[in-house]
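> With the sequence up front, the predicted model follows.
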Amino acid sequence: MSVPVFEVCDVSFSYREVTALDGLNLAIEPGQRIVLLGANGSGKSTLLSLLDGLCFPGKGSVKFRGEPLTEDRLTGETEFDFRRRVGLVFQNPEVQLFNPTVLDEVAFGPLQLRWPQEQIRLRVDEALEQMRITHLKHRSPHQLSTGEKKRVALASVLILDPEVLLLDEPTAALDPKSESEMIDFLVSCSGGRKTVVTATHDLDLLDDIADLCHVFLQGRIVASGTPAEILRDHELLRRTGLVHAHRHAHATGEIHSHPHRHGHGH
Amino acid sequence: MTNESPSAAPVRFRGGQSRGMIERSLSSFVSGLEHALFAEEVAKKNGLLQRLDPRIKILAGLPLIVASALSRKLWVIAALLALAIVMAFLSRVPLRMLAKRVWLGVLGFTGLISIPALFLTPGQELYRLPVPGWAITWQGLSAAAYLIMRAETAATLSILLVLCTPWNSVLKALRVLRLPIVMVVVLGMTYRYIFLLLRTAHDMLAARKSRMVGPLPGPEFRRMATASAGVLMSKSLQLSGDVYLAMRSRGFRGEVYVLDEFQTRWFDWVALAFFSCVTALAVWFGR
């Protein structure tokens, strides 16, 4: 049996007084496509930050490939290796696009890992081509649309060809065309070559991009299952704020309500 | 707040201001963005200066600016200004824009500070003002002309340097002057985020304006302005923390590396030789 990519054991994490994660247990196997489902503030983004070694739990432990992921261990060559193997795409692309041009942005990661300049140029072109944004190469991030920014952010992570891709709300605030392109990309990640962990509250994505879903509520996982199993459990979705009763009137004057889920854009 | 209806209540502040502080701020933000966009458009044009390696432009341009500032011959400065105008034309920089944004501004500023020189410099009298009887001298006029011409020439050359090069390339090219790489990156990030900050401030003020009716008393307005500044500061701090995490996530460990993307071609060396000759001639004849 292979070593899990991540093992999260009894992890708790707080922002001052606010508990974000509370006794969380989770294992992510190589090649799995995991979706973390939950309403805003349920702890999904915090878990992604922990998995990316950007913050560390107050209680419990996180292991990457069987090795503890701690602040002390994440230094020197170990950190180089970890950063190359695990990539995080932030929810807000403005956070991730801090360089003056798209070219500089996409080249940033490889430059930090001291790749040769010629190799970087080659890989930048490939990553831009993969995300179909070659025409944006010399543009400044402030000139781009949200969809373009998301694609640049993704290219800036994909250039390192990480074995684990962590995505925080990849389709948030995208127009339908950009969203469709993003979903196409996520679907293309199937096949077990990459482990993909996506945090979202967009239920429409599940069938296409998830092998396994974990549903979050107040920093805890309250249910796990395949997309079909999760989507069937209306009571669970309602309790976790992923669907709500949608009340409306028909032309006949009849008023009734039924569960209603939000995909995107409204 | 008052009971005036929204339609009859333009946003006004005490002190008889016809345009509120918010409108002026919004207008300034938009103007700043427009200016930056215009500069980027010019930098993208296929002109003479745009085609040069930014490092060559810095190496050739800065000595030319110094030569124009140090020259003691008016005709030499005038020749350099003429050269700058020809370069602007060949680089597709609109001369009307240069006149409006550079020449008139510099003329207004340096003209103002050179006025005393007209009267205070001793020498041969050229004209005496009927009231209050002060004399303008040839020497005073000459000193004022030098000051204005030097400022106009230096400003024109500088603006051409910046307008015909994307700002981030200007920053990277400054490395040829041994500017520390960390400084280049910090300036680049500042340039990147200034637009986000402008847009955030613009949106905040626009959102506030959309919910305001009637005149805003002075103390309340000041409270609103300081609160807005505080929120903006708080957002900036939050963003800077998140940006640092995003940098760490991609391997940043305190040391900065950038891609060397400039290429020097024969055309650049010819340009450097030409501008070096012009600088040498300006220094020689301008002694």
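Happy to help now that I have it.
> For chain A, what's its nearest residue on the stretch 1-150 of chain B.
Nearest to chain A, among the residues of the stretch 1-150 of chain B, is B:E40, at 7.3 Å (Cβ to the nearest Cβ). (Each C-beta comes from the backbone N, C-alpha and C, glycine too.)
> Give the helix, strand or coil label for that residue.
helix (DSSP: H, G, I helix; E, B strand; the rest coil).
> any idea how far it is from B:A88?
17 Å (Cβ to Cβ, to the nearest Å).
> Between the two, which has more neighbouring residues?
Counted by other Cβ atoms under 10 Å in any protein chain shown, B:E40 and B:A88 do not tie: B:A88 has more neighbours, with 25 against 16.
> just to revisit the earlier point, for the residue of the stretch 1-150 of chain B closest to chain A, give me its contacts.
A:140, A:143, B:166-167 (Cβ atoms under 8 Å, 6 or more residues apart in numbering or on different chains).
> any idea how far B:V93 is from it?
13 Å.
> burial count for the closest residue to B:S71 other than its chain neighbours?
Counting by Cβ to Cβ, 6 or more residues apart in numbering or on different chains, B:S71 lies nearest to B:G286, which is 3.1 Å off, once chain neighbours are set aside. Neighbourhood size, B:G286 [other Cβ under 10 Å]: 18.
> list the contacts for B:G286?
Applying Cβ under 8 Å, 6+ apart, the residues near B:G286 are B:67, B:70-73, B:76-77.
> and it, how far is that from B:L83?
13 Å.
> Get me the contact residues on the stretch 51-200 of chain B for chain A.
With the criterion set to Cβ under 8 Å from any Cβ of the partner chain, the stretch 51-200 of chain B comes near chain A through B:166-168, B:171, B:188-189, B:191-193, B:195-196, B:199.
> Does chain B have contacts with the helix or strand where A:L47 lies?
Assigned by DSSP states H and E, A:L47 falls within helix A:44-51. Yes - applying Cβ under 8 Å from any Cβ, one finds helix A:44-51 touching chain B at A:S49.
> Mind exporting the C-alpha coordinates of that helix to CSV?
Extracted in CSV, the C-alpha atoms of helix A:44-51 (Å, rounded to 0.1, in the frame of the first residue of the first chain):
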residue,chain,number,x,y,z
LYS,A,44,-11.4,24.8,3.8
SER,A,45,-8.9,27.5,3.0
THR,A,46,-7.2,27.1,6.4
LEU,A,47,-6.7,23.4,5.6
LEU,A,48,-5.2,24.2,2.2
SER,A,49,-2.8,26.6,3.9
LEU,A,50,-1.8,23.9,6.4
LEU,A,51,-1.3,21.4,3.5
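> Packing partners of it?
strand A:6-15, strand A:18-28, strand A:33-37, strand A:59-64, strand A:86-89, strand A:164-168, strand A:195-200 (3 or more Cβ pairs under 8 Å, 6 or more residues apart in numbering or on different chains; DSSP states H and E).
> Flag every residue of chain A that's near chain B.
Within chain A, the positions lying close to chain B (Cβ under 8 Å from any Cβ) are A:49, A:52, A:54, A:79-80, A:83-84, A:87-88, A:90, A:92, A:94-101, A:103-104, A:107-109, A:111-114, A:117, A:120-121, A:138, A:140-143, A:156-157, A:160.
> Just the local confidence number for A:G58, please.
For A:G58, the pLDDT comes out at 87.
> now it: how far from A:Y15?
10 Å.
> Who has more neighbours out of these two?
Set A:G58 next to A:Y15 and count neighbours by other Cβ under 10 Å: A:G58 wins out with 12 against 9.
> The more buried one contacts A:S12, correct?
Yes - assessed by Cβ atoms under 8 Å, A:G58 is found in contact with A:S12 at 5.7 Å.
> Could you list the low-confidence segments of the stretch 101-250 of chain B?
B:215 (pLDDT under 70).
> Mind doing that once more with 80?
Scanning the stretch 101-250 of chain B for pLDDT under 80 picks out the ranges B:126, B:131-133, B:167-168, B:171-172, B:175-178, B:181, B:192, B:208-209, B:212-218, B:220-221.
> can you tell me the residue of it closest to chain A?
Counting by Cβ to the nearest Cβ, the stretch 101-250 of chain B gets nearest chain A through B:N168, at 3.4 Å.
> Give me the angle between the helix holding A:L47 and strand A:59-64.
For helix A:44-51 against strand A:59-64, the angle by axes from the mean of the first three to the mean of the last three Cα atoms, to 10 degrees is 70 degrees.
> gap between helix A:44-51 and the chain center?
9 Å (Cα atoms, centre = their mean, to the nearest Å).
> Now do that helix, average pLDDT.
The predicted model gives helix A:44-51 an average pLDDT of 94.
> Same question for stretch A:30-41.
90.
> quick one, phi psi at A:I133?
Backbone torsions for A:I133, taken as degrees, to the nearest 10, come to phi -130, psi 30.
> tell me which element the closest residue in space to it that isn't next to it in sequence is part of?
Spatial nearest neighbour of A:I133, excluding adjacent residues (Cβ to Cβ, 6+ apart): A:R151 at 5.2 Å. Using DSSP H and E, A:R151 falls within helix A:146-158.
> Which positions in that helix come out as buried?
Using 16 or more other Cβ atoms under 10 Å in any protein chain shown as the test for burial, helix A:146-158 gives A:147-158.
> pLDDT check: weakest of these?
Lowest pLDDT within these is found at A:G147 (87).
> and it, what is it in contact with?
A:174-175, A:177-179, A:181-182.
> what residue lies at the spatial centre of the chain?
As the question left the chain open, I've gone with chain A. Chain A has A:L167 as the residue nearest its centroid, 1.6 Å off, counting by Cα atoms, centre = their mean.
> Could you verify my assumption that that residue touches A:V197?
Yes - using Cβ under 8 Å, A:L167 is in contact with A:V197, at 7.1 Å.
> hang on, the earlier thing: go through the contacts of B:E40 and say which is closest to B:P63.
Distance ranking of the contacts of B:E40 against B:P63, using Cβ to Cβ, places B:W167 first at 21.5 Å.
> What's the local residue count around the residue nearest to the closest one when sequence neighbours are not counted?
Nearest residue to B:W167 in three dimensions, chain neighbours excluded: B:Y191, at 5.7 Å (Cβ to Cβ, 6+ apart). Counted with other Cβ under 10 Å, residues neighbouring B:Y191 total 17.
> one step back: I'd like the contacts of B:G286 laid out as CSV, including pLDDT and secondary structure.
Below are the contacts of B:G286 laid out as CSV (pLDDT from 0 to 100; DSSP: H, G, I helix; E, B strand; the rest coil):
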residue, pLDDT, secondary structure
B:A67, 93, helix
B:L70, 89, helix
B:S71, 89, coil
B:R72, 89, coil
B:K73, 90, coil
B:V76, 94, helix
B:I77, 94, helix
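> Distance across stretch B:172-182, terminal residue to terminal residue?
The straight-line separation of the ends of stretch B:172-182 (Cα to Cα, to the nearest Å) is 11 Å.
> residues in contact with that stretch?
B:53-55, B:57-59, B:62, B:165, B:184, B:188, B:256-258, B:261-262.
> Please repeat the previous calculation with a cut-off of 6 Å.
B:54-55, B:58, B:184, B:256 (Cβ atoms under 6 Å, 6 or more residues apart in numbering or on different chains).
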